[in-house]
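# After the sequence you'll find the predicted model.
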Amino acid sequence: MTTALENAENHIRRGRIIALIGLLGFAGVYLMAWRFTPVERFQGLAQKIFYIHPPAAYASEMAFVFAGVASLLYLLLKDERFDTFAEASAEVGLAFALVLLTTGPIWAKPIWGAWWTWDARLTFSLIEFLLFCSYFALRSAVRDPAERARYAAVVAIMGMLLVPFIHITVYLFNTTHPQPVVVKTDKPSLPWEMLRTFLTSFGVFTVMYLGFVMTRYGIGARRVAEELSDAG
Amino acid sequence: MSLWRATRAIAAKDLRIEWRHKTALLTATLFAILVLLIFVFARDPATLSLGDVAPSVLWVTLALSALVALNRAFLLEREHAALEGILLAPVPRQAIFWGKWLANLTFVLAVQAIAFPLWILFFNVTPTLSLLAVAGVAVLAAIGFTAVGTLFSAMAVRTRFAELLLPVLLLPFMIPPVFAASEATLRLLANRPMGELWGWLRLLTLYDLAFLVLANLLFPVVVDE
């Protein structure tokens, strides 16, 4: 048991270091966006939020996908580490989704004239966020760890299948969202100074994701190890 | 025992219990009527006519009453640990899922069958042949979300806050079918050409197939210890 506990502590320690690097990088992104990136002609300062908003969307999406894949692996292999990872990734995904859902309205108010519109991608993010909130509601309502892991995995896998349907639904419903400016078939339409900051931010969000998930995984693994040593 | 015979036996058992008590069916129907009524009062009659809100009201009512109906699906099994009894029976797990799903679908459709004419009455919907198509859409939509509901209610019933947890888990899954069904209803009531309907019907069918298969595959994971 000591080794499991030690392993968990190691994960937490390493995770914190990576998270700290990520956070420092995040401060760097702010500095780049503020001092070394030109102000956009039409949107003015409001556009600066794009150095956070799409990277947060990417990080939360990545977190949710990994949570889903880990859930599937848990059901197939019955290794509780996958459940611990799925929980960690989903929780970090929720945090990034919250960043996404708060920065969106802050940008939308001056540009679209309303804090909230039922735009396709906005609605999609909200539903996905709520889906994972219900994932945690379920987790907290089940006492037995093995049962909790199985039920959570079932919800996550069902959620993965729901995502494409929600995607179709919200697009048929409404979209006013800006279309992609970087990943598209022809050349990115962002000037190099902006693209540089934008891509750096994606890298930084990846590092933050890794750091946060590793820390959270360590915390989860420590709890499992403690439960096992209490039981034994 | 073959899969089909076991499925039929489980569904028949559930429906027989419902039929003997009738409380659940009556309560769910009463609930549907009350939801319809609430909508009449929640709208400003000066700005919104009954016809404007009719398709949305139908779908919110059907979705909410289906939730109430699904909530009781596994509560029956929880009493006196009846689920353990079924799990011990020499039938495949799939049969338990199909049986439960069939009983749930029948129950939800029964509630819808009572709520539907009342909706026509309360919301002054002109009785035309296209209403039969709306009823068909209701069946198509119910197939998918009852499959998800059957799986989730088997889980929710074994947790704390079962009554609260099922709606929280199930409602996100109701968004695509409810949206597609209300769009189809809107077009049917406006006598739009069939070409505008196919997309929505395809979406509903795809949803039904996808979730029937996945919920059935995941069901043994939920019920096995």
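Now that the structure is in, tell me what you want to look at.
# and the residue nearest to A:Ile49 when sequence neighbours are not counted, which of the three is it?
Nearest in space to A:Ile49, with sequence neighbours left out and distances taken as Cβ to Cβ, 6 or more residues apart in numbering or on different chains, is A:Trp107 at 4.5 Å. Bear in mind the C-beta positions are built from the backbone N, C-alpha and C, glycine included. The three-state label given to A:Trp107 by DSSP: H, G, I helix; E, B strand; the rest coil is helix.
# which residues of chain B score low on pLDDT?
Within chain B, the ranges that satisfy pLDDT under 70 run B:1, B:225.
# How about the residues of chain B by chain A?
Proximity of chain B to chain A (Cβ under 8 Å from any Cβ of the partner chain) is limited to residues B:148, B:151-152, B:155-156, B:158-161, B:165, B:168-169, B:172-173, B:175-176, B:179-180, B:183, B:199, B:203, B:206-207, B:210-211, B:214-215, B:218, B:221-222.
# Report how many residues lie close to the residue nearest to A:Ile49.
Neighbour count for A:Trp107, taken as other Cβ atoms under 10 Å in any protein chain shown: 18.
# Could you do the one 5 residues further on as well?
A:Trp112 has 16 neighbours, counted by other Cβ under 10 Å.
# show me where chain B has strands.
Here chain B has no strands by DSSP state E.
# farthest residue from the center of it?
Distance from the centre of chain B peaks at B:Ala46, with 33.0 Å (Cα atoms, centre = their mean).
# What does that residue show for phi and psi?
When quoted as degrees, to the nearest 10, the phi and psi of B:Ala46 stand at phi -70, psi -30.
# picking up where we left off before, thought A:Lys48 was touching the residue nearest to A:Ile49, still the case?
No: between A:Trp107 and A:Lys48 there is no contact under Cβ atoms under 8 Å: 9.2 Å.
# ok, back up a step: pull the contacting residues for the residue nearest to A:Ile49.
Neighbouring residues of A:Trp107 by Cβ atoms under 8 Å, 6 or more residues apart in numbering or on different chains: A:Ala46, A:Ile49, A:Phe50, A:His53.
# By neighbour count, which of those residues wins?
Compared across the contacts of A:Trp107, A:Phe50 has the highest neighbour count, 21 neighbours, by other Cβ under 10 Å.
# Residue numbers of chain A in contact with chain B?
A:75, A:127, A:130-131, A:134, A:137-138, A:141-143, A:147, A:150-151, A:153-155, A:157-159, A:161-162, A:165-166, A:168-169, A:172-173.
# Weed out the non-buried ones from those residues.
For the residues of chain A next to chain B, a burial check counting by 16 or more other Cβ atoms under 10 Å in any protein chain shown picks out A:75, A:127, A:131, A:134, A:137-138, A:141-142, A:150-151, A:153-155, A:157-159, A:161-162, A:165-166, A:168-169, A:172.
# show me where pLDDT drops low in chain A?
A:1-2, A:174-189, A:232.
# What are the boundaries of the strands in it?
Going by DSSP E, chain A shows no strands.
# Which residue lies nearest the spatial centre of it?
In chain A, the centroid-proximal residue (Cα atoms, centre = their mean) is A:Ser60; its distance is 1.9 Å.
# quick one: contacts for it?
When the contact criterion is Cβ under 8 Å, 6+ apart, the partners of A:Ser60 are A:Gly93, A:Leu94, A:Phe96, A:Ala97, A:Val99, A:Leu100, A:Ser125, A:Glu128.
# which residue sits closest to it, ignoring its sequence neighbours?
Spatially, and ignoring its direct neighbours in sequence, A:Ser60 is nearest to A:Phe96 (3.7 Å; Cβ to Cβ, 6+ apart).
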